[in-house]
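J.: Just the structure for this:
(chains A and B)
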Amino acid sequence: MAATYTPIASITLGASAASVTFNSIPQTYTDLVLVIQPVAGASIYNSQFRFNGDSGSNYGGTVLTGNGSSAASYRGSNMNAGFLDSEGYPSTTAGATTQIMHVMNYANTTTYKTTLNRSGRASQGTDLIVNTWRSTAAITSITLGSDLGAQRTTYVSGCILNLYGILGANA
Amino acid sequence: MPIFGITASSNQFAKLGDFSQIATTTVGVSGVANIEFTSIPQTYTHLQIRGITRVATSANSFRMQLNSDTGSNYTRHYIFGNGSSVTASASTSQSSLTVGDTSITANIFSAFIIDILDYTNTNKNKVVRSLNGVDFNGSGSASMYTGVWLNTAAINSIKLFSNGSETIQQYSSFALYGIKG
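T.: Model prediction:
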């Protein structure tokens, strides 16, 4: 059986950045897995993502989250970016937050795209999030940021972002 | 088990080959009643199923049966968020495991990541964990399921189907992977 779960790109920021983009994503896998250990500047806001630079109102997301004492669920519709986290948002402390986004069947051109995200921060809580990007386009780039419209929080130097590809058999 | 995605861990412990393709099923234009992986190789430690699905006319829960066992040998727990509230529940003596919800809306597919742990171990019952979600831009759900198959047999086949026997629609796709210990 062929091995998969292949590293595509790894970024360790050498300088602070308001957003980070993975470009020219190869179209040869079935799913993408993005693993982030975000470290934010002083102002903390939730993280978001965009596919193919799309800033239209084409994202919907449902969040299931727990903060250590209670669980909650909420939703965003017609958003201009998808949810990357809820309680598991970036910390100013290195290594305090991990975010993992699974982008399912990202290269097909017949369905809208669904993501499953897990994020967590020990001092805040843990999340499971589903997003639908209402586009049938294949995903060629992913942009990550915090409150992308205003870019109010920067990823600081030292942030690690890894992108992997998973290829199904005979896919 | 290697922790995929964590740079230090992957450098130290995991190597290419620890996560391997086994089989993929993508549904054609006519749809199918179920998706079944058979003759699963017994050479891995864990299995993972990753997929998207949509069904015909009525959104029901999506189910799993192992080794064609239709007896009341499954238990489950879940936590489910619908965008405004959270519910959690448990059931015993089920005839299948629930792994998530489906979609009936054109172009929108429910996503699944299902882990089946120690599937060849004949000394314990088998544990299954599923992450699932679907968002319709105004409704939808995010959910986590855990189930146990009360059987110590090694798992050699997995069947996925809609609880309402709905036809699984075109472009639904499930891929089975093996993870080495």
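J.: Beta-bridge partners for A:Phe49, please?
T.: Beta bridges link A:Phe49 to A:Gly82, A:Leu144, judged by DSSP bridges.
J.: Can you give me the neighbour number for it?
T.: 25 (other CB atoms under 10 Å in any protein chain shown). Any C-beta I mention is one placed from the backbone N, CA and C, and that applies to glycine too.
J.: Would you mind measuring from it to A:Ser16?
T.: As judged by CB to CB, to the nearest Å, A:Phe49 and A:Ser16 stand 19 Å apart.
J.: All the strands of chain A, in order from the start?
T.: Assigned strands in chain A, in chain order: A:6-12, A:19-22, A:31-37, A:47-51, A:59-66, A:71-79, A:82-83, A:97-104, A:113-121, A:125-133, A:142-146, A:160-166 (criterion: DSSP state E).
J.: okay, the angle between the fourth one and strand A:71-79?
T.: Meaning strand A:47-51. Between the axes of strand A:47-51 and strand A:71-79, defined by axes from the mean of the first three to the mean of the last three CA atoms, to 10 degrees, the angle is 40 degrees.
J.: Would you mind pulling up the elements that strand A:47-51 packs against?
T.: strand A:82-83, strand A:113-121, strand A:142-146 (3 or more CB pairs under 8 Å, 6 or more residues apart in numbering or on different chains; DSSP states H and E).
J.: who touches residue 141 in this structure?
T.: In the absence of a named chain, chain A is used. Contacts here follow CB atoms under 8 Å, 6 or more residues apart in numbering or on different chains; on that basis A:Ser141 touches A:21-25, A:51-53.
J.: You answered for a different chain; I wanted chain B.
T.: If a contact means CB under 8 Å, 6+ apart, then B:Ser141 has A:62, A:130, B:80-83, B:101, B:132-134 as its contacts.
J.: One more: A:Tyr59?
T.: A:50, A:76, A:78-82, A:131-134.
J.: try 10 Å
T.: A:48-51, A:76-83, A:113, A:115, A:131-135, B:135, B:137 (CB atoms under 10 Å, 6 or more residues apart in numbering or on different chains).
J.: quick revisit: can I get the strands of chain A in TSV including mean pLDDT?
T.: Supplementary listing: the strands of chain A in TSV, determined by pLDDT from 0 to 100:
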stretch	mean pLDDT
strand A:6-12	94
strand A:19-22	92
strand A:31-37	95
strand A:47-51	94
strand A:59-66	97
strand A:71-79	97
strand A:82-83	96
strand A:97-104	95
strand A:113-121	96
strand A:125-133	97
strand A:142-146	90
strand A:160-166	95
